[in-house]
Each structure stands twice: as structure tokens, then as C-alpha cells.
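[1] Sequence and predicted structure below; questions after.
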Amino acid sequence: MAAAAVAVTLGHMYPVFLRFRGGKGVSTTTGVLFALDPWLAAGAVATWLIIAFFFRYSSLAALVAAAFAPLFAFLLYGMSRFALEEAVGVTAIALLIAWRHRTNIRNLLAGTEGRIGGGTGFP
């Protein structure tokens, strides 16, 4: 199941019909997490909402939620065999999201990333 989750996310991040550009990796990841476990998805969505509300950066919220998803998987399941496979899959997806958002990371560090509701940089 974890391999399928990674494949689905990768396919949506680099869609063939859009010449491997564009894609909706974060929203697909949300759906994948709900399929794996609703509590895992709820933790990631709550993380996204909190970061987005306080910092108003969608890309930052996505990166933080992706980074916390493997931690949530570990907290929910410990080190059982199923949980280990799931955690590896969720970690792979988190790394894919970080790779796909590398330009956004540069923009965040430079203070030029667009904010939710408009504007860039810190007030």
C-alpha cells in the first residue's frame, strides 16, 4: 500500500499529460493519507491549517505538514511491520514534496514567497 501511495503521489506531481509539469502533489498526498489512515491525515491537515493561519504561506504549511506526517505515523503505530512500511512511504512522499517545493524554499528564505491573501515577505 505504501508503494502505491508513493506512485500515486509521484504520478500527480509529474503528470504525463501535462509534460511532467504542474501537478497537485500536496492535495494528492492529503487523499493518500486519508486512504492510509484518517487520523494520520487529520494530523497533517491540522498542521497545515495551523501553519497557514499563523504564517500565511501555503508552501511553508505544506512542507511542515509533510515533515510532520512521518512523525504522526510513528506516534500512531509505533514500530510494527505495517507501520514501518507506512512510515517509509510517508517519508518518501515528504521528501518528494520537499524536492518539488525547492523553489518555494528559496523564495521563503529570500522573503519573496507569495502569501495567502496576497503580498510577499514579512510585514
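    Perfect, thanks for sending it.

[2] host element of the residue most central in space within the chain?
    By Cα atoms, centre = their mean, the chain has its centre lying nearest to residue 66, at 3.6 Å. In the assignment (DSSP states H and E), residue 66 maps to helix 58-77.

[3] chain center to the following helix or strand past that helix: distance?
    Once the chain leaves helix 58-77, the next helix or strand it forms, by DSSP H and E, is helix 81-100. On the basis of Cα atoms, centre = their mean, to the nearest Å, helix 81-100 sits 10 Å off its chain's mean C-alpha point.

[4] Now do the buried residues in helix 81-100.
    By neighbour count on 16 or more other Cβ atoms under 10 Å, the buried set for helix 81-100 is 83, 86-87, 89-94, 96-97, 100. To be clear about C-beta, it is placed using only N, CA and C from the backbone, and glycine gets the same treatment.

[5] ok, now stretch 42-57?
    43-44, 47-48, 51-52, 56-57.

[6] what's residue 89 in contact with, if anything?
    1-3, 5-6, 36 (Cβ atoms under 8 Å, 6 or more residues apart in numbering).

[7] for residue 40, same thing?
    Residue 40 makes contact with 33, 69, 72-73, 76, 90, according to Cβ under 8 Å, 6+ apart.

[8] Show the pLDDT at the residue nearest to residue 13 when sequence neighbours are not counted.
    Spatial nearest neighbour of residue 13, excluding adjacent residues (Cβ to Cβ, 6 or more residues apart in numbering): residue 25 at 3.8 Å. At residue 25, the pLDDT value in this model is 83.

[9] For the helix or strand harbouring residue 42, what is the distance to the chain centroid?
    Using DSSP H and E, residue 42 maps to helix 38-55. The chain centroid and the centroid of helix 38-55 are separated by 10 Å under Cα atoms, centre = their mean.

[10] Now that helix: average pLDDT?
    95.

[11] where does the protein have low pLDDT?
    79-82, 119-123 (pLDDT under 70).

[12] mind redoing it with 50?
    123 (pLDDT under 50).

[13] Pretty sure residue 60 sits against residue 51.
    Yes: the criterion here is Cβ atoms under 8 Å, and residue 60 meets it with residue 51 at 6.0 Å.
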